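Chemist: heads up, no residue letters with this:
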């Protein structure tokens, strides 16, 4: 069961970028790149060596491995529907959050280690957005823990931990907030644009300007895993309202994130940098609303 869970997570991580690209091409009315083009690109990077500036230290060299390692370990905590994850213990939702934060910190320190003013700007923006989005993520996880009574993802989405028609709206809103968080964590439009090459407006991409070859491949794969982990959690929340099974949660994770990101990137422009803070704070405010709604429902259930 744990092996199937890990396999589905890896497949979701590989499929989501491809679905985003195909959705964007379809809505633009063009042929676009093939579904697996991102895999060919990473395979090419893995065949190349890495080049390091003499001004950088071991921090710069270790950051890609830390980013990939933290994303991989964090993904191992995530169940796909009713399957058991590889790693599970009480409070693992907190470990999940701070593993992702550790990967972000590693990239921020690596960007500052280069001494580049452009990468320093990207690092400062990444630190700001990470600090703003982290409370929203913790509030969503707190809501799930409040509704189920557990602090482990495996127990929360076990199939019978969360029930009750009155909680369906809360779970759907929690899933919606998680999808909005994906836009920030994955650096997608409207927060960031991974296709841009303007250093003054880049956020995540500018921190990776000095990376190439296998190091850049590690960073890209780590980003896919992080996106897949958050997407599967959102799909688990939706599936828990009707069909908490792995065969429903796995395709739902790919479809929800792949289609939503692809549609948004095809129909909306990237935010001005000044509006990104408002966007993320709005997501955090919605997470607060979801948490207190779940809290009030729990009080009502306890009185009956």
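Modeler: All right, it came through fine. All values reported here derive from a predicted model rather than from experimental measurement.
Chemist: Would you mind giving the secondary structure of residue 145?
Modeler: helix (DSSP: H, G, I helix; E, B strand; the rest coil).
Chemist: List the contacts of the residue lying closest to it once chain neighbours are set aside.
Modeler: Spatial nearest neighbour of residue 145, chain neighbours left out: residue 151 (5.0 Å); criterion: C-beta to C-beta, 6 or more residues apart in numbering. (Glycine included, C-beta is placed from N, CA and C.) Contact analysis of residue 151 by C-beta atoms under 8 Å, 6 or more residues apart in numbering lists 90, 91, 92, 93, 94, 145.
Chemist: Would you mind writing the PyMOL command to select the buried ones in the residues you listed?
Modeler: Applying 16 or more other C-beta atoms under 10 Å to the contacts of residue 151, the buried members can be selected in PyMOL as follows:
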select buried, resi 92+93+145
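Chemist: Which of the contacts of residue 151 sits closest to residue 33?
Modeler: Proximity of those to residue 33 (C-beta to C-beta) peaks at residue 93, which lies at 35.8 Å.
Chemist: Which helix or which strand is home to that closest one?
Modeler: helix 92-113 (DSSP states H and E).
Chemist: I'd say residue 232 and residue 80 touch.
Modeler: Yes. Assessed by C-beta atoms under 8 Å, residue 232 is found in contact with residue 80 at 5.7 Å.
Chemist: what is in contact with those two at once?
Modeler: Counting by C-beta under 8 Å, 6+ apart, the residues touching both residue 232 and residue 80 are 9, 12, 249, 250, 253.
Chemist: So which of the residues you listed sit within helices?
Modeler: Using DSSP state H, the subset of the shared contacts of residue 232 and residue 80 located in helices is 9, 12, 249, 250, 253.
Chemist: State the mean pLDDT of stretch 244-257.
Modeler: Averaging pLDDT along stretch 244-257 gives 93.
Chemist: Over to stretch 146-159?
Modeler: Averaged across stretch 146-159, pLDDT comes to 87.
Chemist: got the residue ranges for the helices in the stretch 151-300 of the chain?
Modeler: Ranges of helices within the stretch 151-300 of the chain are 153-156, 168-185, 204-207, 213-239, 246-267, 273-303, based on DSSP state H, counting those that start in this stretch.
Chemist: out of those helices, nearest to residue 116?
Modeler: Closest of the helices of the stretch 151-300 of the chain to residue 116 is helix 204-207, at 8.6 Å (criterion: C-beta to C-beta).
Chemist: in the closest one, what counts as buried?
Modeler: Judged by neighbour count (16+ other C-beta under 10 Å), helix 204-207 contains these buried residues: 204, 205, 206, 207.
Chemist: hmm, back to that, just the contacts of residue 151: which has the poorest pLDDT?
Modeler: Within the contacts of residue 151, residue 145 has the lowest pLDDT, namely 91.
Chemist: rewinding a little: and the contacts of residue 151, which is closest to residue 107?
Modeler: When these are ranked by distance to residue 107 (C-beta to C-beta), residue 94 comes first, at 21.1 Å.
Chemist: Any figure for the gap between that closest one and residue 181?
Modeler: Relative to residue 181, residue 94 is positioned 16 Å away (C-beta to C-beta, to the nearest Å).
Chemist: cool, residue 62 as well?
Modeler: The value you get for residue 62 to residue 181, if C-beta to C-beta is used, is 26 Å.
Chemist: Equivalent analysis for residue 42, please.
Modeler: When distance is defined by C-beta to C-beta, residue 42 is 24 Å away from residue 181.
Chemist: I figured residue 25 hits residue 31, correct?
Modeler: Yes. Counting by C-beta under 8 Å, residue 31 is a contact partner of residue 25 at 6.6 Å.
Chemist: who has more neighbours, those two?
Modeler: residue 25 (17 against 8; other C-beta atoms under 10 Å).
Chemist: excluding its backbone neighbours, what's nearest the more buried one?
Modeler: In space, and not counting its chain neighbours, residue 25 is closest to residue 32: 2.4 Å by C-beta to C-beta, 6+ apart.
Chemist: cool, and residue 42?
Modeler: Per C-beta to C-beta, 6+ apart, closest to residue 42 is residue 217, 4.9 Å.
Chemist: which regions of the stretch 1-150 of the chain sit below the pLDDT cut-off?
Modeler: Within the stretch 1-150 of the chain, no stretch has pLDDT under 70.
Chemist: all helices for it, in order.
Modeler: Taking DSSP H, counting those that start in this stretch, the helices of the stretch 1-150 of the chain run over residues 2-28, 37-46, 58-75, 92-113, 117-148.
Chemist: So which elements touch the third one?
Modeler: With contacts defined as 3 or more C-beta pairs under 8 Å, 6 or more residues apart in numbering; DSSP states H and E, helix 58-75 has these neighbours: helix 92-113, helix 213-239.
Chemist: winner for burial among those?
Modeler: Of all the helices and strands packed on helix 58-75, helix 213-239 carries the top mean neighbour count, a mean of 25, counting by mean count of other C-beta atoms under 10 Å.
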